[in-house]
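>>> what's the 3D shape of this:
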Amino acid sequence: MKIDAANKKILCRSTVDNKLVGNEEFSLEYDYLVIAVGAQVNTFNTPGVLENCHFLKEVEDAQKIRRSVIDCFEKAVLPGLSEEERRINLHFVIVGGGPTGVEFAAELHDYVQEDLVNLYPTVKDLVKITVIQSGDHILNMFDERISSFAEEKFCRDGIEVQTGCRVISVSDKELTMKLKSKGEIYSIPHGLVVWSTGVQTRPVVKDFMGQIGQANRRVLATDEWLRVKGCEDVYALGDCATIDQRKIMEDIATIFRAADKDNSGTLIIKEFKDVIDDILERYPQVEHYLRSKHLSDVTDLLKDPEGNDRNEVDIEGFKLALSHVDSQTKNLPATAQVAAQQGAYLSKCFNRRQQCEDNPEGPRRFRGSGRHQFHPFRYKHLGQFAPLGGEQAAAELPGDWVSIGHSTQWLWYSVYASKQVSWRTRVLVVSDWTRRFIFGRDSSRI
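Prediction:
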């Protein structure tokens, strides 16, 4: 409900049925606070979205979508409807061609073709699924080969993909959009619309940001240790926050002075090597820059413009060598993979707090003395999957390896199961898959 940063309190309200006795609102005091509330759906202030669209964010959203899909089929088989009315009721529109929207379109297609057509055979040829994407391709954050394969597979499956379209309004009967290339505006009727176009900050986090001087930011900013900037003892992770990576050029002079042990005004290669490990850990963009330039060693940065080795470099040469490094600073994606790694990192820091106060393990403090208490958070990208339906999936894995097809779907099954938090949930998930393979999906209306 509200975070009171000044008094270190959280004001809460119960979501339990308010007909029960007792006070609904209460407060909690904290010593350390971890904000991990995620984000909410971003409607881009499009008229009619909140009132007429379904979302893919909460468990309740999934239950509502399931009921609505069944209702669409139930309505379509009623006697007295024209064929056009049946087609409209069975037109499912997904707005957003990212991983979530594409996966939902694929799963919906499988659900319809493998289960619902057996229950509603008279309307099996009237079902239509449309994916609307504002960009030129779906899955445009993946490798081009994956994007092309997904579009081709959707075409074979009869899923219509409309790219270059921006939705401008949604009513209970129609969805109006603009074709960006021609500027044309047209409407399409629908039975159900699912909105999957990204996320934005929740109101409780926006209010907190206003209290700590981050009102002008779009997302809550933390440092590399996940500490919220401008607030003591508060941490944030996941979709609700972003790491504001410090620029190396902000500290370039202090780095130079720390490395120049003899105060000669120049750095020799040996002096630079003494601080390389701390630089790479404190400023991960240096490593990204080396990789982008295909440089094998950090000392290659100190070569002259012709590529020749230099024995020493002054402060201006040092600045010039690292002047383009910050261009490789990148924001982390809003994915569960990032949030899971951040959660594991933060719990480890809390567990080792006392130990690391006595023996700091982090990189050198270039501004000040000593070392940072902990290693900064470092995200390790393990790849990303895009299930495409029909027991096929696409994967983009480390090392620029792209995998597509049935074998990739089984790889996705194994990874998904291994990422469950306990053996109990692993068994439940795998047994659910097994039951679906044997008996099909449950089509009862919850």
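>>> can you tell me the centre-most residue of this protein?
Using C-alpha atoms, centre = their mean, the residue of the chain that lies closest to the mean C-alpha position is A334, 2.1 Å off.
>>> ok, and the closest non-adjacent residue to that one?
What sits nearest to A334 in space, not counting adjacent residues and going by C-beta to C-beta, 6 or more residues apart in numbering, is D239, at 4.4 Å. (Each C-beta comes from the backbone N, C-alpha and C, glycine too.)
>>> let me see the contact set for the one you found.
For D239, the contact set (C-beta atoms under 8 Å, 6 or more residues apart in numbering) comprises 38-39, 199, 334, 339.
>>> ok, now V170?
V170 is in contact with 46-49, 51-53, 176, 193, counting by C-beta under 8 Å, 6+ apart.
>>> just V117 next, same as before
Counting by C-beta under 8 Å, 6+ apart, V117 makes contact with 124, 127.
>>> again, 10 Å this time
Going by C-beta atoms under 10 Å, 6 or more residues apart in numbering, V117 touches 73, 111, 123-125, 127.
>>> quick one: the helices in the stretch 301-446 of the chain?
For the stretch 301-446 of the chain, the helices defined by DSSP state H, counting those that start in this stretch cover 315-322, 336-351, 353-358, 406-418, 423-439.
>>> circling back to that earlier point, in a markdown table, list the contacts of V170 along with pLDDT, distance to S443 and secondary structure.
Formatted as a markdown table, the contacts of V170 follow (pLDDT from 0 to 100; distance: C-beta to C-beta, whole Å; DSSP: H, G, I helix; E, B strand; the rest coil):
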| residue | pLDDT | distance to S443 | secondary structure |
| --- | --- | --- | --- |
| T46 | 95 | 32 | coil |
| P47 | 97 | 33 | coil |
| G48 | 97 | 29 | coil |
| V49 | 97 | 28 | helix |
| E51 | 96 | 27 | helix |
| N52 | 97 | 24 | helix |
| C53 | 97 | 23 | coil |
| T176 | 97 | 32 | strand |
| V193 | 98 | 21 | strand |
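>>> for stretch 264-275, give the mean pLDDT please.
In this model, stretch 264-275 has an average pLDDT of 88.
>>> C-alpha coordinates for it, CSV please?
Taking C-alpha atoms only, stretch 264-275 is exported to CSV below (Å, rounded to 0.1, in the frame of the first residue of the first chain):
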residue,chain,number,x,y,z
SER,A,264,55.1,9.9,-11.8
GLY,A,265,52.2,11.2,-13.7
THR,A,266,52.3,8.2,-16.1
LEU,A,267,51.2,4.6,-15.9
ILE,A,268,53.4,1.7,-17.0
ILE,A,269,51.8,-1.6,-18.0
LYS,A,270,52.7,-3.2,-14.7
GLU,A,271,51.0,-0.5,-12.7
PHE,A,272,47.9,-0.8,-14.9
LYS,A,273,47.8,-4.6,-14.5
ASP,A,274,47.8,-4.2,-10.7
VAL,A,275,44.3,-2.6,-10.9
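>>> quick one on the thing from earlier: which two among the contacts of V170 are spaced furthest apart?
Greatest spatial distance in the contacts of V170: E51 and T176, 14.2 Å, computed using C-beta to C-beta.
>>> what about the two, which has more around it?
Shown here are E51 and T176; by other C-beta atoms under 10 Å, T176 has more neighbours (16 against 9).
>>> mind listing what's buried in stretch 363-380?
For stretch 363-380, burial by neighbour count (16 or more other C-beta atoms under 10 Å) applies to 363-364, 366, 371-377.
>>> widest-spaced pair of those residues?
Spanning the widest gap among the buried residues of stretch 363-380 are F366 and F377, at 18.4 Å by C-beta to C-beta.
>>> contact partners of stretch 406-416?
For stretch 406-416, the surrounding residues in contact (C-beta under 10 Å, 6+ apart) are 146, 382-383, 385-395, 397, 402-403, 405, 426, 429-430, 433.
>>> can you select the buried ones among those residues for me in ChimeraX?
Entered in ChimeraX, the line below selects the buried ones among those, by 16+ other C-beta under 10 Å:
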select :146,385,386,387,388,389,390,392,393,394,395,402,403
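>>> about what we covered before: pull out the buried residues from the contacts of V117.
Buried by 16+ other C-beta under 10 Å: 73, 111, 123, 127, out of the contacts of V117.
>>> quick check: P47 touching L175?
No - using C-beta atoms under 10 Å, P47 and L175 do not qualify as a contacting pair, with a distance of 11.2 Å.
>>> shared neighbours of the two, anything?
By C-beta under 10 Å, 6+ apart, the residues touching both P47 and L175 are 167-169.
>>> so which of those sit within strands?
If you go by DSSP state E, these have 167-169 in strands.
>>> what comes up buried for stretch 153-166?
153-154, 157, 159, 161-165.
>>> ditto for stretch 328-345
Neighbour counts over stretch 328-345 (16+ other C-beta under 10 Å) mark 328-329, 332, 334, 337-339, 341-342, 345 as buried.
>>> ok, those vs A5, which is closest?
Nearest to A5 out of the buried residues of stretch 328-345 is Q342 (C-beta to C-beta; 20.8 Å).
>>> assess the claim that the closest one and A236 are in contact.
Yes - the criterion here is C-beta under 10 Å, and Q342 meets it with A236 at 9.0 Å.
>>> if I look at these two, which residues touch both of them?
What both Q342 and A236 touch, as defined by C-beta under 10 Å, 6+ apart, is the set 34, 36, 222, 226, 243.
>>> is it true that the first one lies in a helix?
Translated: V34. No - secondary structure assignment (DSSP: H, G, I helix; E, B strand; the rest coil) places V34 in strand, not in a helix.
>>> for it, what are its contacts?
The contact partners of V34, taken as C-beta under 10 Å, 6+ apart, are 226, 228, 234-238, 342-343, 346-347, 350.
>>> among those residues, who's most crowded?
Counting neighbours by other C-beta under 10 Å, A236 leads the contacts of V34 with 26 neighbours.
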